[in-house]
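J.: Need coordinates for the below:
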Amino acid sequence: MTDNKSMDDLSDLLSPQAVQAALIVPNKKALFQQLAGVAAKLVDGEARVIVDRLVERERLGSTGFGGGVAIPHGKIEGLDRVVGLFARLANPIDFAAIDDLPVDLVFLLLSPVDAGVEHLKALARVSRRMRDKAFVAKLRGAGSDDALYALFAAGEARHAA
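T.: Residues are numbered from 1 along each chain as shown. Predicted coordinates for the structure are as follows:
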């Protein structure tokens, strides 16, 4: 992340191709398979390996942190940077979230195996952004993939009028 970027700007983690406005999945397993398929194309990896890492991490505890939001994450061999994908689900799914609410907003993070601090910083940035209720409301109201990406790239101030 460069110094002139806002902490709220997540465009260094996302590409426009990594944003989906109306993903249809029946459950968490299907969600991971769909997102892993997209991620595998973006990072030239194997979808099966990505799904395995996400499932392994989820066994440690749900990455659904409340308010309909989940941030599944995993470390993947061969990655050279932290990569994100975002999906707004057409229909919320059970995610065993901390508040037991179904999830409709998912920000997937994949990191290099040796990216300890980088991984944690990215996770903190995404978490901070996804805890902003006004921002989350905008995500739920955005009409397209492009509109969603623009929200993540805008880096608008968290408490802007």
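J.: which residues in this structure form helices?
T.: Counting by DSSP state H, one finds helices in the chain at the ranges 28-43, 47-60, 116-130, 133-141, 145-154.
J.: what about the ones you listed, which gets the closest to V106?
T.: helix 28-43 (6.6 Å; Cβ to Cβ). Every residue, glycine included, has its C-beta placed from N, CA and C.
J.: Show me which residues of stretch 69-87 are buried.
T.: Across stretch 69-87, burial judged by 16 or more other Cβ atoms under 10 Å covers 69-76, 79, 82-87.
J.: The residue minimising distance to the centre of the chain pairs with what?
T.: By Cα atoms, centre = their mean, the mean C-alpha position of the chain lies nearest to F107, the distance being 1.2 Å. Here F107 shows beta-bridge partners F86, assigned using DSSP bridges.
J.: so what pLDDT did it get?
T.: We have a pLDDT of 98 for F107.
J.: now do the one 5 residues further on
T.: Confidence per residue is given as pLDDT, and for P112 that number is 95.
J.: Could you check how many residues crowd around it?
T.: Around P112 there are 17 other residues, counting by other Cβ atoms under 10 Å.
J.: and it, what are its bridge partners?
T.: Residues in a beta bridge with P112, per DSSP bridges, are I76.
J.: Tell me which residues touch it, please.
T.: With contacts defined as Cβ atoms under 8 Å, 6 or more residues apart in numbering, P112 is in contact with 75-76, 78-82, 118-119.
J.: Need those residues in CSV (columns: distance to A97 and pLDDT).
T.: Converted to CSV, the contacts of P112 look like this (distance: Cβ to Cβ, whole Å; pLDDT from 0 to 100):
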residue, distance to A97, pLDDT
K75, 22, 94
I76, 24, 94
G78, 30, 89
L79, 26, 92
D80, 31, 91
R81, 28, 92
V82, 23, 94
E118, 26, 90
H119, 21, 92
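J.: wait, doesn't L10 sit right on A154?
T.: No. Using Cβ atoms under 8 Å, L10 is not in contact with A154; the gap is 9.6 Å.
J.: So the two - more neighbours on which side?
T.: Legend: neighbour count by other Cβ under 10 Å for L10 and A154, higher for L10 (24 against 16).
J.: residues in contact with that one?
T.: 84, 125-126, 129, 152-153, 155.
J.: Which of those sits closest to R53?
T.: For the contacts of L10, the nearest to R53 is G84 (14.7 Å; Cβ to Cβ).
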